[in-house]
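[1] the amino acid sequence is not available; the structure is as follows:
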């Protein structure tokens with residue numbers, strides 16, 4: 001008899017308490033509610049009782065090889081970690097240092113990795129990040145950096161600065177997304193600034209060799225990035241559209257899902273083809289769903305957008321090539337503009353996506369953040385609160401497929417952002433709802449586990465596995481932000497970089513290639529609590545011999 005791999009994993013760890021919980025199909029007890037947002041009050045993180053968390057790194061960790069601009073993991077060198085008594089923010093003076101905001105996490109298990117100290121053994125387990133905020137130079141260029149948490153190292157060697165400049169000598173721009181490209185053996189990083197370099201690739205060494213790949217990917221507000229098994233690079237863009245003249249609290253869909261098909265997956269510097277996803281309209285058969293310049297209101301409440309957010313409606317899709325280095329050269333181009341011109345289908349701020357394990361890279365789930373405004377006129381019917389889409393390809397690497405809404409957001413579940421499969425059928429999406437939504441609904445962000453076998457059209461709810469708190473530094477920053485005076489840091493904490501991996505640096509380690517078995521056989525779980533103290537956490541079992549049970 002062939003034993004289910006999840007049952008085998010349970011047997012390995014012994015007594016499986018999750019099997020008797022019965023709270024959800026994935027064995028995690030729901031956290032009852034989000035943390036409330038009260039001015040001047042901090043809140044602790046609350047996880048499912050089967051889980052706890054340990055600090056992998058925090059903002060005050062000194063970099064083992066600091067610079068004057070980047071002395072710490074979570075703080076730049078332009079001010080103190082906390083405001084001094086009586087100090088006042090101004091346009092020329094910061095009361096506290098700029099928070100670097102380490103973003104998405106990429107975990108790898110590697111041999112023979114060096115750091116800044118040639119005589120130190122850095123071990124084998126590493127977590128890589130780019131940083132989302134930074135100081136700027138006299139030309140108003142961001143001065144960000146790429147870091148590595150050395151999970152096996154002592155305090156003095158805990159965090160290494162890998163690079164703060166690319167191979168052309170330009171400073172690293174602020175970074176959002178990251179992944180490991182096993183074909184080229186390079187880290188990939190995205191920036192959300194369409195005016196900056198859009199995609200970097202970086203080596204693992206110190207200093208890292210960082211190459212700007214914008215000539216191939218174009219300028220866009222890229223965030224989510226990941227490979228498929230064919231070496232293609234999938235990108236999800238987060239670029240906000242214009243608000244409507246009539247629908248003043250809603251914004252026009254303005255971001256796209258892309259796929260980059262490299263000429264040689266082992267060397268992205270050879271370029272390739274950039275493609276955009278297009279949906280065929282149900283309301284106007286034979287026509288694609290497209291962006292209408294200067295007609296934000298027409299798009300915000302269009303029948304097409306309503307259909308996209310209606311359970312049970314299925315759209316035919318295809319990828320369209322919008323740029324090919326072989327014929328279009330290597331000059332600058334704007335991917336968002338080309339996507340609109342070619343008839344790509346825009347979404348309301350999609351941010352991240354991941355392939356379903358076991359689907360052989362034929363099912364891709366991606367989030368849509370929505371308007372992050374509880375007053376949005378779009379509402380749930382028109383994607384105002386975002387949601388989750390499921391893209392199904394006819395075969396791996398296919399140009400055609402179908403798309404449907406998997407989960408439609410609401411006020412209580414909105415701003416859905418970073419995602420990763422925690423179990424073979426359980427995908428976690430975290431919120432980035434923003435301080436305005438937090439205040440309006442009196443609830444901070446949460447991380448939710450969605451079972452992909454569930455029909456959410458019938459009123460089912462996802463399982464909250466994390467109610468994000470607000471650390472003391474973030475609470476202080478919220479007060480400083482409310483006071484204004486040009487305060488540069490974010491306020492409430494945000495969940496980002498939810499990452500589940502066994503660290504395999506080979507092709508079989510691509511997210512979606514294996515069935516995840518968290519806490520067993522080397523599988524580890526991480527996330528970053530952005531803003532404030534900028535903790536990066538490792539999530540671990542709270543009980544001995546605990547294993548999740550997926551029920552498949």
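    Arrived safely, thanks for sending. Because the structure is a prediction, the values reported are computed rather than measured.
[2] can you give me the strands in the stretch 251-400 of the chain?
    All strands of the stretch 251-400 of the chain, identified by DSSP state E, counting those that start in this stretch, fall at 257-262, 272-279, 315-324, 350-355, 363-368, 387-393, 400-408.
[3] right, and those - which one's nearest residue 339?
    When the strands of the stretch 251-400 of the chain are compared by C-beta to C-beta, strand 272-279 sits nearest residue 339, at 4.2 Å. No exception for glycine: its C-beta is placed from N, CA and C like everyone else's.
[4] sheet partners, orientation included, of the closest one?
    Paired neighbours of strand 272-279 in the sheet (DSSP bridges): strand 257-262 (antiparallel), strand 315-324 (antiparallel).
[5] which of those strands is buried the deepest?
    Highest mean neighbour count of these: strand 257-262, a mean of 23 (counted as mean count of other C-beta atoms under 10 Å).
[6] how about the strands paired with strand 272-279 in TSV, adding distance to residue 288 and mean pLDDT?
    Compiled in TSV, the strands paired with strand 272-279 are given as follows (distance: least, C-beta to C-beta, whole Å; pLDDT from 0 to 100):
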stretch	distance to residue 288	mean pLDDT
strand 257-262	14	98
strand 315-324	9	98
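[7] before we move on, back to that, quick one: the strands of the stretch 251-400 of the chain as a markdown table, columns for distance to residue 95 too.
    Formatted as a markdown table, the strands of the stretch 251-400 of the chain follow (distance: least, C-beta to C-beta, whole Å):
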| stretch | distance to residue 95 |
| --- | --- |
| strand 257-262 | 40 |
| strand 272-279 | 43 |
| strand 315-324 | 45 |
| strand 350-355 | 31 |
| strand 363-368 | 34 |
| strand 387-393 | 39 |
| strand 400-408 | 41 |
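[8] if we can go back for a sec, residue 527: which of the strands paired with strand 272-279 is closest?
    Closest of these to residue 527 is strand 257-262, at 23.4 Å (criterion: C-beta to C-beta).
[9] and that closest one with strand 400-408, angle?
    Angle, strand 257-262 to strand 400-408, by axes from the mean of the first three to the mean of the last three C-alpha atoms, to 10 degrees: 140 degrees.
[10] report the contact partners of residue 542.
    The contact partners of residue 542, taken as C-beta atoms under 8 Å, 6 or more residues apart in numbering, are 47, 49, 50, 51, 52.
[11] quick check, pLDDT for the second one.
    Per-residue confidence for residue 49 comes out at a pLDDT of 95.
[12] one step back: tabulate the strands paired with strand 272-279 (TSV), appending distance to residue 202.
    Converted to TSV, those look like this (distance: least, C-beta to C-beta, whole Å):
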stretch	distance to residue 202
strand 257-262	17
strand 315-324	23
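[13] before we move on, the earlier item: residue 501 is nearest to which of the strands of the stretch 251-400 of the chain?
    For those, the distance to residue 501 is smallest for strand 350-355, at 11.2 Å, taking C-beta to C-beta.
[14] list the contacts of the closest one.
    Against strand 350-355 from outside (C-beta under 8 Å, 6+ apart): 177, 223-224, 226, 228, 234, 236-238, 255-257, 361, 363-369, 389, 416-421, 427, 432, 510-512.
[15] quick one: that strand to strand 257-262, angle?
    Using the same axes, to 10 degrees: strand 350-355 against strand 257-262 is 60 degrees.
[16] could you spell out the sheet neighbours of strand 350-355, each with its direction?
    strand 363-368 (antiparallel).
[17] hmm, who's touching the strand it pairs with?
    Applying C-beta under 8 Å, 6+ apart, the set of residues contacting strand 363-368 from outside is 224, 234, 236, 257, 347-356, 383, 386-393, 406, 409, 416-419, 427, 429, 452.
[18] same question, stretch 481-494
    Contacts of stretch 481-494 (C-beta under 8 Å, 6+ apart): 37, 39, 88-91, 94-96, 98-99, 101, 133, 432, 434-435, 438, 444-445, 468-471, 474, 477-478, 480, 529-532.
[19] show me the shaky parts of the chain.
    Counting by pLDDT under 70, the ranges of the chain that qualify are 1-26, 544-552.
[20] tell me how it divides into domains.
    For the chain, the structural domains run 1-52+422-443+463-552, 60-212, 224-408, going by automatic domain parsing.
[21] about what we covered before: buried members of the contacts of stretch 481-494 into ChimeraX, please.
    Those of the contacts of stretch 481-494 that count as buried under 16 or more other C-beta atoms under 10 Å are selected in ChimeraX with:
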select :37,89,94,95,96,98,99,101,133,432,434,435,438,444,445,468,469,470,471,474,477,478,480,529,530,531,532
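[22] just the ones in helices from the contacts of stretch 481-494, please.
    Assigned to helices by DSSP state H, the following of these qualify: 434, 435, 438, 474, 477, 478, 480.
[23] any idea how far the second one lies from residue 280?
    Think residue 435. 38 Å (C-beta to C-beta, to the nearest Å).
[24] I am finished for the moment; much appreciated.
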